[in-house]
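Colleague: any chance you can model this:
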Amino acid sequence: MVTILDTVKNAPKARHPEKANRPDNPIQRKPEWIRVKAPGSPVYKETQEIVKENGLFTVCEEAGCPNIGECWSKKHATMMIMGDTCTRACAFCNVKTGMPAPLDPNEPENVALAVEKLGLHHVVITSVDRDDLADGGAEHFAQVIRAIRARSPSTTIEVLTPDFLRKEGALEVVVAAKPDVFNHNLETVPSNYLTVRPGARYFHSIRLLQRVKELDPTIFTKSGIMVGLGEERHEVLQLMDDLRSADVDFLTIGQYLQPTSKHHAIIRFVPPDEFKSYETVAYTKGFLMVSSSPLTRSSHHAGEDFAQLRANREKKLAEARG
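Modeller: The predicted structure follows:
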């Protein structure tokens, strides 16, 4: 399952009219360690049909995730609620930008039905940014969580939310619905925000994650970044410290992959040994769970990672008790 909004395939330029005036950035040839098999297994097709039957969007498709073949072959899919149109135009993102349609009141039940049909033990729910809504879509997130709980009470739920910037009280609504994991991605280091994520604010996102723990310490928190956007190593290490200061439990680090020539250029492909080094450092800083590799995405192996995350916390609590 995948949720960082990047991709390995080109989308038609007409899909992103808001990006038409951006300069062209040639797409580089990917190194061998980035390549993945094309999807097409019978289970993949079954998952695709369940998604279509329920009128759902997935980040796996909308963001052109490189892991879609693997995840859908395991009946894993990251549900993207509140439509397929985002109110922001981040330079890394392959989701289209524009004025979104009104919320679908049937979507919470449709998502819950799909989760039930897929027999998911763990589900990831994400969304586009909905700056047009008074609460940024917080109540809709809560309705989806409640609908899944009603149909699949044993399914653990992970949400990957927008930043709810200038949406007072929105975060509290989502936390009150008690997801098992609250994920909000920083996406990149603060020095890149102006060019990569201009509609967001780095320290607002840090504070959002910190506030989750203040409201409900039992909820696991999680964040992720992409590398290859021109960041320096010391900036990544400082970002880790910022997340740990906010008591974030789980960190994901993956390679940025450029969707089209109109998106932010890949500055470099980070080799696997550097990802391993980041993982080692992150564990020394106190993260309970770290996933760091070229193809890591926020929701890839999310169910397995959640089980390990919970086990790691229990181990630390046992050690603290002596």
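Colleague: what's the longest helix belonging to the chain in contact with?
Modeller: Secondary structure of the chain per DSSP state H: the longest helix is helix 302-321. Helix 302-321 is contacted by residues 1, 76, 78, 120-122, 124, 156, 158, 180-181, 220, 249-250, 288-289, 291 when judged by CB atoms under 8 Å, 6 or more residues apart in numbering. Where you see a C-beta, it was placed from the backbone N, CA and C, and this is true even at glycine.
Colleague: repeat that for 7 Å
Modeller: Under the contact criterion CB atoms under 7 Å, 6 or more residues apart in numbering, helix 302-321 has outside partners 1, 121-122, 124, 156, 158, 180-181, 220, 249-250, 288-289, 291.
Colleague: how many neighbours does Asp24 have?
Modeller: By the criterion of other CB atoms under 10 Å, Asp24 has 9 neighbours.
Colleague: just say helix, strand or coil for it.
Modeller: Each residue gets one of three states, and Asp24 gets coil by DSSP: H, G, I helix; E, B strand; the rest coil.
Colleague: from memory it sits against Ser261, does it?
Modeller: Yes. Using CB atoms under 7 Å, Asp24 is in contact with Ser261, at 4.5 Å.
Colleague: list buried residues within the contacts of helix 302-321.
Modeller: 1, 122, 124, 156, 158, 180-181, 220, 249-250, 288-289, 291 (16 or more other CB atoms under 10 Å).
Colleague: pipe these into JSON lines and attach distance to Ala265 per row.
Modeller: As requested, these are arranged in JSON lines below (distance: CB to CB, whole Å):
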{"residue": "Met1", "distance to Ala265": "27"}
{"residue": "His122", "distance to Ala265": "35"}
{"residue": "Val124", "distance to Ala265": "28"}
{"residue": "Thr156", "distance to Ala265": "38"}
{"residue": "Glu158", "distance to Ala265": "31"}
{"residue": "Asp180", "distance to Ala265": "37"}
{"residue": "Val181", "distance to Ala265": "32"}
{"residue": "Phe220", "distance to Ala265": "34"}
{"residue": "Asp249", "distance to Ala265": "32"}
{"residue": "Phe250", "distance to Ala265": "29"}
{"residue": "Leu288", "distance to Ala265": "34"}
{"residue": "Met289", "distance to Ala265": "31"}
{"residue": "Ser291", "distance to Ala265": "25"}
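Colleague: now, the most widely separated pair of those residues?
Modeller: Met1 and Leu288 (19.1 Å; CB to CB).
Colleague: where does Gly303 land on pLDDT?
Modeller: On pLDDT, Gly303 comes in at 65.
Colleague: what about Gly119, neighbour count?
Modeller: 9.
Colleague: need phi/psi at it.
Modeller: When read as degrees, to the nearest 10, the backbone of Gly119 gives phi 60, psi 40.
Colleague: quick check: it vs Lys167, distance?
Modeller: From Gly119 across to Lys167, the span is 34 Å (CB to CB, to the nearest Å).
Colleague: quick one, helices of the stretch 201-322 of the chain?
Modeller: For the stretch 201-322 of the chain, the helices defined by DSSP state H, counting those that start in this stretch occupy 202-215, 233-245, 272-284, 302-321.
Colleague: residue ranges with poor pLDDT in the stretch 151-300 of the chain?
Modeller: Across the stretch 151-300 of the chain, the stretches falling below the confidence threshold (pLDDT under 70) are 299-300.
Colleague: ok, which stretches of it are strands?
Modeller: In the stretch 151-300 of the chain, the segments counted as strands under DSSP state E, counting those that start in this stretch are 156-160, 181-183, 220-227, 250-255, 289-292.
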